[in-house]
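Undergrad: Curious how this folds, go ahead:
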Amino acid sequence: MKKIFLFSIVWVAAMVQAFAQLSVAEVSKILAEAPWQIKEITGNITLRQVQLRLFEAQQSIHILEIIPNDAIRLGIHDVSDTLIGTSELCRQVNAIAGINASFFDMKNGGSVDFVRVNGMVLHETAKLTSRNNAALAIDPPAVRILARDTANAGWENNIDSKNVLVAGPLIMKDGLPARLQENAFNQNRHPRTFVATKSDGVVLLVVVDGRNTHAAGMSIAELYVLSKALDCRDAMNFDGGGSSAMYVRGENENGIVNYPSDNKLFDHRGERRIANIIYVKETPVQPVPNE
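TA: Model prediction:
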């Protein structure tokens with residue numbers, strides 16, 4: 001048991017060092033001293049944005065910090081077999097904010113991974129891969145990040161939640177980095193979208209820009225270091241690249257606050273049409289009737 005534990009520690013340290021090149025402590029210090037632009041969207045939703053040098057490259061990071069409760073809830077909005085931009089999907093559900101979510105069929109539309117909304121399965125996973133090994137489960141106000149049950153081929157169907165979205169790869173579970181395959185998707189720097197949760201229930205929706213001289217993007221291992229430096233406990237990756245987009249109602253001309261890369265310009269107009277989003281909206285609290 002001791003040998004296995006020591007091997008795990010050595011493997012974790014080697015993986016982080018090989019890709020991230022900065023320790024969690026170093027990144028925490030850089031983030032603490034960075035010139036963040038902070039805007040309170042509501043009392044329980046805060047937008048934090050920064051452009052800085054991190055992992056020996058220029059980075060552009062956008063974070064929605066959310067405190068879920070009876071009035072502020074997260075949800076999944078999926079458009080079945082078509083594709084629509086993140087901003088329009090958010091407007092369809094009158095969301096305060098949102099991000100792009102799962103991987104999808106770029107030719108025919110529709111998610112290629114499991115999606116359940118309000119108890120109804122909208123998509124089954126087309127093919128099991130090393131990438132789609134995590135799930136986001138939402139039962140307002142609770143939000144959970146789950147790792148694939150490798151002993152159960154239909155693991156996502158057995159998740160006890162009315163709202164489930166599968167994506168990945170898993171970045172971090174219980175504060176430790178998930179084991180990653182060595183491949184270009186994981187190791188190269190790309191624009192990234194991911195979700196992370198803290199021990200106190202706070203949820204972070206994060207977009208990291210890339211494919212531009214102003215924003216290099218990050219590897220999955222670098223996302224782990226970033227998540228850990230942000231004091232997160234669990235984290236999972238969503239679709240990235242040209243799909244990465246963050247919407248906040250009333251911001252800019254279209255609500256997009258990051259710099260989507262599909263138009264190859266560092267502006268807010270390069271949105272890609274996608275299959276689904278994770279959104280945040282206000283739900284009026286019903287008054288308790290007088291007895």
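
Undergrad: Determine the number of other residues adjacent to Leu128.
TA: Applying the criterion other CB atoms under 10 Å, we find 12 residues in the vicinity of Leu128. To be clear about C-beta, it is placed using only N, CA and C from the backbone, and glycine gets the same treatment.

Undergrad: Spatially nearest residue to it (excluding sequence neighbours)?
TA: Spatial nearest neighbour of Leu128, excluding adjacent residues (CB to CB, 6 or more residues apart in numbering): Ala153 at 7.6 Å.

Undergrad: Quick check: the gap between the residue sitting nearest the centre point of the chain and Glu222.
TA: Of all residues in the chain, the one closest to the mean position by CA atoms, centre = their mean is Phe194, 1.8 Å from it. When distance is defined by CB to CB, to the nearest Å, Phe194 is 11 Å away from Glu222.

Undergrad: So what sits opposite the residue nearest to Leu89 when sequence neighbours are not counted in the bridge?
TA: Spatial nearest neighbour of Leu89, chain neighbours left out: Ile277 (4.6 Å); criterion: CB to CB, 6+ apart. Ile277 has the following beta-bridge partners by DSSP bridges: His77, Asn100.

Undergrad: Can you show me the helices along the stretch 151-291 of the chain?
TA: Taking DSSP state H, counting those that start in this stretch, the helices of the stretch 151-291 of the chain run over residues 184-187, 220-229.

Undergrad: okay but Val203 is in contact with Val195, surely?
TA: Yes - taking CB atoms under 8 Å as the contact criterion, Val203 and Val195 are neighbours in contact, 6.8 Å apart.

Undergrad: any idea how far Gly215 is from Leu54?
TA: Just to correct that, residue 215 is Ala rather than Gly. On the measure of CB to CB, Ala215 and Leu54 end up 10 Å apart.
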